[in-house]
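Asks: Next come a sequence and a model predicted from it.
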Amino acid sequence: MVSPIIKRYLLAVQRYKWAGLTCLLSIVGASGVVALQPPPPVEYYAEGMLVDNSPLVSLTNTADTIDQLGRGIISEDQLLPEVLLKEVSRQLVTRGVELAPDEIRRNTTVVVSGGKKDEPGVRAVVRFIHDDEETATIVLNTLFQGMVELSRVRNKARLQAIIDALNERLPPIESALRQAEQTLEQYDRQRGPAIQAAEDGSLLGQISGGQQQRRQNEIAIEDIRTEMQSLQQRLGMSPTEAYVSSALSADPIIANLRVQLYGIDTQYQQLKASGYRDSHPAVLELNTTKQTLGAQLSERVDEVFPGLSRQLATLPQGAAVNINQNLDPARAALANQLIDLEREGARLIRQNQTLAKVEQDLRRDYAGLPNLQLERERLANQVGLKKLLYDQIQARIVDAEAAEAETVSSLTVANPPTAVINEPEKPNPATILLAGGLLGLVAGGGIIFLLDMLDGTIRTPEDLEKLLRDQDMPILGAIPVIRTRPAKAAPILVQADSQYHSSYERCLSKLRLTGFEDSVIGPRVVLVTSTIANEGKSITAYNLAIAAAQAGRRTLLVESDLRSPSKAQYLGLVNDDRVLLEPLRYYGGSIGDNVRMVPSIENLYVSPSPGPQRQAAAILESSEMRRFLDDARERFDMVILDTPSLSRVDDALLLEEQTDGMVLVARPGVTERAVLNTALEELDLNEDIRLLGVLINGADAALQDDEVDDDFQDDDDDSYVLVEDEIPRPVAAAPVDF
């Protein structure tokens, strides 16, 4: 048995043989052109070797770095830059050799090796090809000189770039250093005394001295308060009252006014004692004089103490201040002493407040001392870092300037160029043709395989069966290719002894075993359809009906494809032309014969299609069609409906609800994988549709396409060719009475 993979590939070869043959011939032709090429001319090549300089003894670090960089970038691009090629071309002109830079690059090859752990040294083998031996040697010598000199110039340029970069970085680094030093200096000027005072202990001494002074002041204040209380008790007045009374007693004008007022009071008492009334002119005059002197006294008091009169008016009753009262010298001395004590106490209190504020400031300074020290340390560290960077840059500049005298080329000529004749190996034409043929076969086969992989059609019955099993779809059977004479004839099994009847009988047997609940003999009304055209569903429907009739079952074949003409002539039947105009009356039995008996096949009846019809869907959903199918179910043992393909229209889905199930026909070489998968998924999701199974038509058609050609074309492509000696002649048949 042939492997399915080989079988599928053989089918692909049949389909895409011209593409594979074209690829084969193209490659063989190209190999022939290559094989017939004339031999190349004689050439010479000059070859030499460059190596990197061994590590040189250097007094400066920069020179070592430059040397390592120069030895680490040895490559073809670095050895053959455009500037070198132009300079070499110019020098060759002076020596009588004219070569363009592009030609020099094209004829020069560089192979770099080494530079690994096991091979620390780097070697560059340079080869130049030319048709003249002397020219090849001259060019390679000039190239070697240019490569060595270019390496030295590059090292010099790298060194100068380092010096320029260092000189460019130095000014901002120096400026940053000066700025950091100024910041530290300003900080020491502002915060240095505080830090020094805290560090040498003077700050703590100031805090302790202030506390001691405050304690002494508290003791003195307490003594002053005690003495003031004693003086207040003796004088009977407060310090403020004593101050006012003492000041008023010391003023001579106030003392004179008080004497005059005292004399008036004495005269007034004498007049009152003599019996004078208040209305007497002498009494009135005394009162007027008293009022005048009182006003003068108040004015003088206001001059000595501005606003004192208004303040005395607001004092409570019994206050000791009286502007008319005059202190004697002893009481005045006590009052002055009380005033001095009050002044001294106030001074000590203010001094304590000042000391407390100073102590608070000192304590705050002492508490912030760690922060000051940390900030000072941070500023000092910044100065140190910037100073270190500045010193390093200065040292690098000095080192780089000293390295100028030590900078040399990183390359050395190990093997001078020598010219050798280059004899290219001439390939064998037969070998080239053989290799081209093998490559063409492989490429052609690959193209055929690729085209087959891109093909969405199911080509072999094995692939089709595998797809159906993966979808859990029942397979009703496999129908082989029906060969006819001539090959273009429609493969309808009108002969009772045909060898192909057994395949359709097995299909009918599997239909009976589908487990249909309404009948013990299986489904009675079966709808036959396919996914696309040319899968042979119409021929399958005809042959299934013929097989059922020959098995003794009264069978009706209903041509339900109203969008195509009737194919009843295959069985020798002629349809009435009137049914094309009135299809509903046709199915209602009013005109024409909607059921015709096939004369040549017993128990077989056909309902020819009144197509083509524009309103096919409306006719299929009509009540006449429904009654027609209901009557057919009652009168016949089996009814087979031939419907259009699912991808064409939905007529099969409209009729499925009036049947017992649907049979899907698939054909290898025609059925498309994506279309079949989509149709099976949609039918599986629709619970109202019952798919009885799939019938594989033309099971060996994949290898017989050239023989059967259009044998399996169905009613979607009406191109059948009938043979008179195999198809019964059309006869007029009377309508069948249900």
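Replies: Yes, it's here. Predicted model only: the values in this text are computed from it and were never measured.
Asks: for the helix or strand hosting residue 222, the distance to its chain's centre please.
Replies: Using DSSP states H and E, residue 222 maps to helix 202-235. Computed by CA atoms, centre = their mean, to the nearest Å, the chain-centroid distance of helix 202-235 equals 80 Å.
Asks: swap in stretch 631-647?
Replies: Averaged C-alpha coordinates place stretch 631-647 at 59 Å from its chain's average position (CA atoms, centre = their mean).
Asks: Surely residue 596 touches residue 604?
Replies: No - in this structure residue 596 lies outside contact range of residue 604 using CB atoms under 8 Å: 9.8 Å. Bear in mind the C-beta positions are built from the backbone N, C-alpha and C, glycine included.
Asks: and the helix holding residue 222, what other elements does it pack with?
Replies: Other helices and strands packing on helix 202-235, by 3 or more CB pairs under 8 Å, 6 or more residues apart in numbering; DSSP states H and E, are helix 133-200, helix 239-250, helix 329-367.
Asks: Tell me which of those helices sits nearest to residue 455.
Replies: Smallest distance to residue 455 across those (CB to CB): 57.5 Å, for helix 133-200.
Asks: Give me the mean pLDDT for the closest one.
Replies: Across helix 133-200, the average pLDDT comes to 83.
Asks: in stretch 395-415, what's buried?
Replies: Applying a neighbour-count criterion of 16 or more other CB atoms under 10 Å, one finds 396-397, 399-400, 403, 406-411, 413 buried in stretch 395-415.
Asks: Out of the helices and strands in the chain, which is least certain?
Replies: None of the helices or strands of the chain scores lower by mean pLDDT, DSSP states H and E than helix 705-708, at a mean of 38.
Asks: Can you add pLDDT and secondary structure and give the buried residues of stretch 395-415 back as a markdown table?
Replies: Below are the buried residues of stretch 395-415 laid out as a markdown table (pLDDT from 0 to 100; DSSP: H, G, I helix; E, B strand; the rest coil):
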| residue | pLDDT | secondary structure |
| --- | --- | --- |
| 396 | 84 | helix |
| 397 | 82 | helix |
| 399 | 82 | helix |
| 400 | 78 | helix |
| 403 | 73 | helix |
| 406 | 69 | helix |
| 407 | 73 | coil |
| 408 | 72 | coil |
| 409 | 73 | coil |
| 410 | 71 | coil |
| 411 | 76 | strand |
| 413 | 83 | strand |
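Asks: buried stuff in the helix or strand containing residue 503?
Replies: Using DSSP H and E, residue 503 falls within helix 501-512. Across helix 501-512, burial judged by 16+ other CB under 10 Å covers 501, 503-504, 507-508, 510-511.
Asks: cool, stretch 640-656 as well?
Replies: 640-646, 648-649, 651-656.
Asks: Let me know the average pLDDT across that stretch.
Replies: Averaged across stretch 640-656, pLDDT comes to 92.
Asks: Same question for stretch 19-31.
Replies: 80.
Asks: nearest to residue 361, of the buried residues of helix 501-512?
Replies: residue 510 (111.9 Å).
Asks: how about the nearest residue to the closest one once chain neighbours are set aside, secondary structure?
Replies: Sequence neighbours aside, residue 476 is the residue nearest to residue 510 in space, at 4.7 Å (criterion: CB to CB, 6 or more residues apart in numbering). At residue 476 the chain is in strand, as set by DSSP: H, G, I helix; E, B strand; the rest coil.
Asks: returning to what we had before: run the chain-centre distance for the helix holding residue 503.
Replies: Distance of helix 501-512 from the chain centroid (CA atoms, centre = their mean) equals 60 Å.
Asks: ok, the residue nearest to residue 510 - contacts?
Replies: Residues in contact with residue 476 (CB atoms under 8 Å, 6 or more residues apart in numbering) are 507, 510-511, 663, 692-695.
Asks: Now tabulate these in a markdown table and tack on distance to residue 463.
Replies: Converted to a markdown table, the contacts of residue 476 look like this (distance: CB to CB, whole Å):
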| residue | distance to residue 463 |
| --- | --- |
| 507 | 21 |
| 510 | 21 |
| 511 | 24 |
| 663 | 20 |
| 692 | 22 |
| 693 | 18 |
| 694 | 13 |
| 695 | 16 |
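Asks: Adding pLDDT, write those out as a markdown table.
Replies: Below are the contacts of residue 476 laid out as a markdown table (pLDDT from 0 to 100):
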| residue | pLDDT |
| --- | --- |
| 507 | 90 |
| 510 | 88 |
| 511 | 86 |
| 663 | 94 |
| 692 | 91 |
| 693 | 91 |
| 694 | 93 |
| 695 | 92 |
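Asks: Going by distance to residue 213, which of those residues wins?
Replies: Of all those, residue 213 sits closest to residue 694, with 117.3 Å by CB to CB.
Asks: Ramachandran angles for that closest one?
Replies: Main-chain torsions, residue 694, degrees, to the nearest 10: phi -120, psi 130.
Asks: Give me the residue ranges of the stretch 601-738 of the chain where confidence is low.
Replies: For the stretch 601-738 of the chain, applying pLDDT under 70 flags the ranges 700-738.
Asks: where exactly do the strands run in it?
Replies: Along the stretch 601-738 of the chain, the segments classed as strands by DSSP state E, counting those that start in this stretch run 604-607, 638-642, 661-666, 691-697.
Asks: Residue 671: what's its closest spatial neighbour, skipping adjacent residues?
Replies: Per CB to CB, 6+ apart, closest to residue 671 is residue 458, 5.0 Å.
Asks: mind checking the end-to-end distance for stretch 647-656?
Replies: Taking CA to CA, to the nearest Å, stretch 647-656 runs 15 Å from one end to the other.
Asks: So what touches that stretch?
Replies: Contacts of stretch 647-656 (CB under 8 Å, 6+ apart): 527, 529, 531-533, 560-563, 616-617, 620-621, 629, 641, 643-646, 662, 675, 679, 689-690, 716.
Asks: can you pull out the helices in the stretch 351-500 of the chain?
Replies: According to DSSP state H, counting those that start in this stretch, the stretch 351-500 of the chain carries its helices in the segments 369-403, 429-454, 461-470.
Asks: Dump those into CSV; add distance to residue 22 as well.
Replies: Converted to CSV, the helices of the stretch 351-500 of the chain look like this (distance: least, CB to CB, whole Å):
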stretch, distance to residue 22
helix 369-403, 68
helix 429-454, 8
helix 461-470, 27
